[in-house]
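S.K.: Build the 3D model from these lines:
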Amino acid sequence: MLDESLSRLHVEFDPRWTPATYRPRRRTIRTLPFAWKAGAVALLLLGVGAASRPNVARLLLHSAPSASAAHHAAPSPWPGLAPSAIVPAYASPSSRPARETTYLGRLKWQGTLTDEVVAVNTASGTMAVGYRRSAAVWATWNHQMQNIAPAKVLPLATGRWQAGSNKPLTSFAAAGPYAYVTSGALWAVMDGPSSHWAAAPGVNVVRSLIAALPADPTHSLLLTEAAGGAQSLYVRSGLRASWTPIALPGVPVLQTVAVANEYWVLAGGVIRVWTPAGTWRTLYAPPKNFVVSTFAVSPDGSRIVVLLAPSSGVSGVGPLLLSNDGGRQWTPMATPWPNGSSPTSLVLEPDGAVAAFLPGPPGLIEQYRPSTGAWSILPTPTANSAGTGALAANGNGNLLYSGPGGHLYRYVQPSGAWQPLPPIPGGSGGQPPSLLMGIGTNEVVASSPHGWFVFVPDSSAPSGR
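M.R.: Numbering: from 1, shown residues only. Okay, the predicted model is just below:
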């Protein structure tokens, strides 16, 4: 089972736990073709569907919009680059949108040949990133170029993947000694040999997501969606209790996160909180013309980072806000190094840093440290021309990264290097995992079309802090 340590809101995975020995009983269900509406809405909010071309340079410039420039890009500031597209960009919720202009062409600058360049003008200067074959090779601040060294890569991690069950997961939640899982319209709690799959409440349910309270591990929340798109929320107050419906705080519900003894939900572009007392309260409502597109929260709820996106159907690169007091005060974060997109994964690390994956393409991983108030680029272990990937983290601060081709890595913080993980058993055609997350100090949960698995590293493997 899972070893409980509630005093620190921390979960350790016990390698002796072998879920295959009490695998949930199989149920035969009819699979319905269905696209999860929340994912489509999230993509629309983030505006990350822009096309890119290989082996070209792209320069993004921000300048104040004007009526005369609304439909015409300014002349290219660098020879050989031609204007291509304009999208709005925002430095903070209160700022007016700037014009983000894309320029296409080839560029050789200060003796370095790049296939792609992305630059943005901020209020305090110009920052740019140069790419060579989809890998970041230099970054500039006000034309002062700094070379980015290739990523260091350690030997393959040693350990083993333990089978959970033969069903792919749509969600996983570890709380105290229990592991809660969902697979489509089925849910289960791994609490012993009697564990079994059960059908989610409701009619025509095709997908469900589950969360459980770290401070009360027998209390859980279930979000379901029917074939027609209607969503419902349920809670349980014990392992043998029935699901009780509760009112939705808004629609669509895009995220559910369990923090201490509360559930935090992103619904209708607003972050709301539900407590076992049965009431909803608003944690963060964005300014007019903005919505929250994603958020991340520390295990104790003290630190929160949110990504905003413009509403009213306007796509663009939105601002990031950070709260260090549980959501009472919010501060705009510095502008990340540009790659033409907003983050699709946000991770709060134990030491106070924030990690983000920006899909681009090309994909870019960045890290924000409050001590410097600035972002830095973490070179990816392999070039990411597709712009696909996801980030997670373990309790020791090591990042987890799912890159193109389904390859999995962890960033070992003390070494400043990436370490590849063995392939997921039964993985097919380099497909990335549908679910990737860290549990405890050093274990990894991943799901493939053939089932879900837990990676338990050898005790001799570098584990970070």
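S.K.: nearest residue to residue 248 other than its sequence neighbours?
M.R.: In space, and not counting its chain neighbours, residue 248 is closest to residue 233: 5.6 Å by CB to CB, 6 or more residues apart in numbering. No exception for glycine: its C-beta is placed from N, CA and C like everyone else's.
S.K.: Ignore what I typed, I meant residue 356.
M.R.: Distances taken as CB to CB, 6+ apart put residue 343 closest to residue 356, at 3.9 Å, once the chain neighbours are dropped.
S.K.: Look up how far residue 366 lies from the one you found.
M.R.: Counting by CB to CB, to the nearest Å, the separation of residue 343 from residue 366 is 8 Å.
S.K.: More neighbours: which of these two?
M.R.: In this comparison of residue 343 against residue 366, neighbours counted by other CB atoms under 10 Å, the higher total goes to residue 343 at 27 against 19.
S.K.: Poorly predicted segments of the stretch 351-465 of the chain, please.
M.R.: 427-429, 460-465 (pLDDT under 70).
S.K.: okay, and the common contacts of residue 343 and residue 366?
M.R.: 336, 356, 358 (CB atoms under 8 Å, 6 or more residues apart in numbering).
S.K.: can you list those residues in CSV and add neighbour count, distance to residue 390 and secondary structure?
M.R.: What follows is these, written out as CSV (neighbours: other CB atoms under 10 Å; distance: CB to CB, whole Å; DSSP: H, G, I helix; E, B strand; the rest coil):
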residue, neighbour count, distance to residue 390, secondary structure
336, 25, 17, coil
356, 24, 11, strand
358, 25, 12, strand
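S.K.: Count the neighbours of residue 373 for me.
M.R.: Neighbours of residue 373 using other CB under 10 Å come to 10.
S.K.: Next, the contact list for the closest residue to it other than its chain neighbours, please.
M.R.: The spatial neighbour of residue 373 that comes closest, neighbours along the chain excluded (CB to CB, 6+ apart), is residue 334 at 5.8 Å. For residue 334, the contacting residues are 368, 373-375, taking CB under 8 Å, 6+ apart as the criterion.
S.K.: cool, residue 281 as well?
M.R.: For residue 281, the contacting residues are 272-273, by CB under 8 Å, 6+ apart.
S.K.: Bridged to it, which residues?
M.R.: Taking DSSP bridges, one obtains residue 273 as the residues bridged to residue 281.
S.K.: Now do the contacts for the most centrally placed residue in the chain.
M.R.: Nearest residue to the geometric centre of the chain (CA atoms, centre = their mean): residue 345, 2.3 Å. Contacts here follow CB under 8 Å, 6+ apart; on that basis residue 345 touches 355-357, 389-392.
S.K.: Tell me the one of these nearest residue 441?
M.R.: Using CB to CB, residue 392 is the member of the contacts of residue 345 that sits closest to residue 441, with 13.6 Å.
S.K.: who touches the spatially closest residue to that closest one that is not a sequence neighbour in this structure?
M.R.: Taking CB to CB, 6+ apart as the measure, residue 392 lies nearest to residue 400, with 4.2 Å between them; neighbours along the chain are not counted. Applying CB under 8 Å, 6+ apart to residue 400 gives the contacts 391-394, 408-411, 436-438, 444.
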